[in-house]
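1. generate a structure from the sequence data that follows.
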Amino acid sequence: MAASATSPFTLAVSAEMVFLDLPFVERVRRIHALGFQVEIWDWTRHDIDALEALRSEGVVYSSMTGYVRGRLSDAEGADELLATAAESVPVAQRLGIPRLNLHGTGLDDRGLPVRPEPVTTGPMWLTAQRTLGRIAGLGEREEVMFVLENLNTAVDHPGVPFATAADCLALVEAVDSPHLKLMLDLYHAQIGEGNLIELCRRALPHIGEIQVADVPGRREPGTGEIAYPAIARALAGMGYVGPVGLEGFASDDDELALERFRDAFTA
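-> Next comes the predicted model:
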C-alpha cells in the first residue's frame, strides 16, 4: 500500500503496538512497507544495530523515548533525567530520529510511574521548568528536539505528575525553546480534557508532534468516539503540516487499522 499523496501530514506508526506477532525488526519493515514512518519507545530494549541497518532499506524513524530514567520534579530525578537523555541522543542520531519523547516521570513496563506523584506543588513546578530548560539546552547543543507528552491519569497512567496537555503546554511555553515542544497525544487528552480541536488550536505554535488513538480502547481512528477526520480537517485548516503518529493497538487486522488511520488523516 503506497502512502497517500494527498495527506497534508507526515504519518507515523508505533512499532510497539501493532504487528505484535512479529519480531520487532519485522514490525518496522511492515510499517515501512505500508508507507509510514516508524516510532519506537525505550531504545535500551531494542537491537539498535539492526534498527540502524534498516535505514538502508528506506526506513524513516519519527520519534523515540528520549530518556531511560528520571523525573522532572526534584533535583535528583532531574539529574538522572538529564544523564539518560544525554545517553539517548547518540542513539537517536544513529537512527536519524528528530524527536525524543519525555514524560513527567519515569514509567515502568505497565506505564505506571516509578514514583507516583499525584499532587504537584509549587516547588515541583519550578524544578520541572528548570529541568526542561536544561533539556532544551541539551537539544540545542545536539541539534535535536525533545517533546513533552501529555498522559491521562484516569485510565492508563495514574499518579504521573504534569500529566495533562494544559500542564505540558504551560511548561513548554515557560521554557520557550525550539528544542522543547509538545507531544500532543489526543487519546490521552480526550480522556483527561476533551475539546480537542480548540486544544490543538491553543497549542499549535508549540506542537512538535501529534499522537492519536481512539477512545475507549486505545485503538485506531474510527473505533471510538473521537471524530478524527474532523480533527484532521481542522488541523489542516490551521496550517499544521507536521507529524501525526498512531500510538494505538489494532482492533482486529493490523493492516486494516493502519489503513483506517491513513484514511482519517487524508483529505
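2. flag the shaky bits of this structure, pLDDT-wise.
-> Segments of the chain classed as low confidence (criterion: pLDDT under 70) are 1-5.
3. let's see 50
-> Applying pLDDT under 50 to the chain flags residues 1-4.
4. so what sits opposite the residue nearest to the spatial centre of it in the bridge?
-> Nearest to the geometric centre of the chain sits M183, at 5.1 Å (C-alpha atoms, centre = their mean). M183 has these beta-bridge partners by DSSP bridges: E149, E209.
5. could you check how far it is from M64?
-> M183 sits 11 Å away from M64, going by C-beta to C-beta, to the nearest Å. Where C-beta positions appear, they are placed from N, C-alpha and C, glycine not excepted.
6. what of A250?
-> As judged by C-beta to C-beta, A250 and M64 stand 21 Å apart.
7. and if you look at R202?
-> Taken as C-beta to C-beta, the span from R202 to M64 is 27 Å.
8. if you count surrounding residues, which of the two has more?
-> Regarding R202 and M64, a neighbour count based on other C-beta atoms under 10 Å identifies M64 as having more, with 22 against 13.
9. and the strands in the stretch 51-200 of the chain?
-> Using DSSP state E, counting those that start in this stretch, the strands of the stretch 51-200 of the chain run over residues 61-65, 99-102, 145-149, 180-185.
10. just put the ones you listed in a markdown table and tack on distance to H46.
-> Listed next are these as a markdown table, based on distance: least, C-beta to C-beta, whole Å:
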| stretch | distance to H46 |
| --- | --- |
| strand 61-65 | 9 |
| strand 99-102 | 15 |
| strand 145-149 | 19 |
| strand 180-185 | 20 |
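11. for this structure, just list every one of the helices.
-> Remark: helices assigned in the chain by DSSP state H are 24-33, 48-53, 75-95, 122-142, 165-175, 186-192, 196-203, 228-238, 254-264.
12. any idea which of these is most buried?
-> Of all these, helix 186-192 has the most neighbours on average by mean count of other C-beta atoms under 10 Å, namely a mean of 24.
13. who are the packing partners of that one?
-> helix 165-175, helix 196-203, strand 207-212 (3 or more C-beta pairs under 8 Å, 6 or more residues apart in numbering; DSSP states H and E).
14. now what about the shortest one, what contacts it?
-> Right, strand 207-212. Strand 207-212 is contacted from outside by 62-63, 99, 145, 147, 149, 181-187, 200, 221, 226, 228, 235, 240, 242-248, 261, 264, using C-beta atoms under 8 Å, 6 or more residues apart in numbering.
15. cool, and the first one?
-> For helix 165-175, the surrounding residues in contact (C-beta under 8 Å, 6+ apart) are 72, 104, 120, 125, 128-129, 132-133, 136, 148-150, 162, 180-185, 188-189, 192-193, 199, 202-203, 206.
16. tell me how far that helix lies from the chain's centre.
-> 15 Å (C-alpha atoms, centre = their mean, to the nearest Å).
17. how far off helix 196-203 does it point, in degrees?
-> Interaxial angle of helix 165-175 relative to helix 196-203 (axes from the mean of the first three to the mean of the last three C-alpha atoms, to 10 degrees): 10 degrees.
18. between helix 165-175 and strand 145-149, how many degrees?
-> Using the same axes, to 10 degrees: helix 165-175 against strand 145-149 is 150 degrees.
19. kindly export helix 165-175 (C-alpha atoms) in CSV.
-> Extracted C-alpha coordinates of helix 165-175, given in CSV (Å, rounded to 0.1, in the frame of the first residue of the first chain):
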residue,chain,number,x,y,z
ALA,A,165,-1.9,18.7,28.0
ALA,A,166,-2.5,22.0,29.8
ASP,A,167,0.3,21.2,32.2
CYS,A,168,2.7,20.1,29.5
LEU,A,169,1.9,23.2,27.4
ALA,A,170,2.4,25.5,30.3
LEU,A,171,5.9,24.1,30.9
VAL,A,172,6.8,24.2,27.2
GLU,A,173,5.6,27.8,26.9
ALA,A,174,7.6,28.7,30.1
VAL,A,175,10.8,27.3,28.6
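20. give me the angle between it and strand 180-185.
-> Using the same axes, to 10 degrees: helix 165-175 against strand 180-185 is 170 degrees.
21. looking at it, I40 is touching M64, isn't it?
-> Yes: I40 is within contact range of M64, at 4.7 Å (criterion: C-beta atoms under 8 Å).
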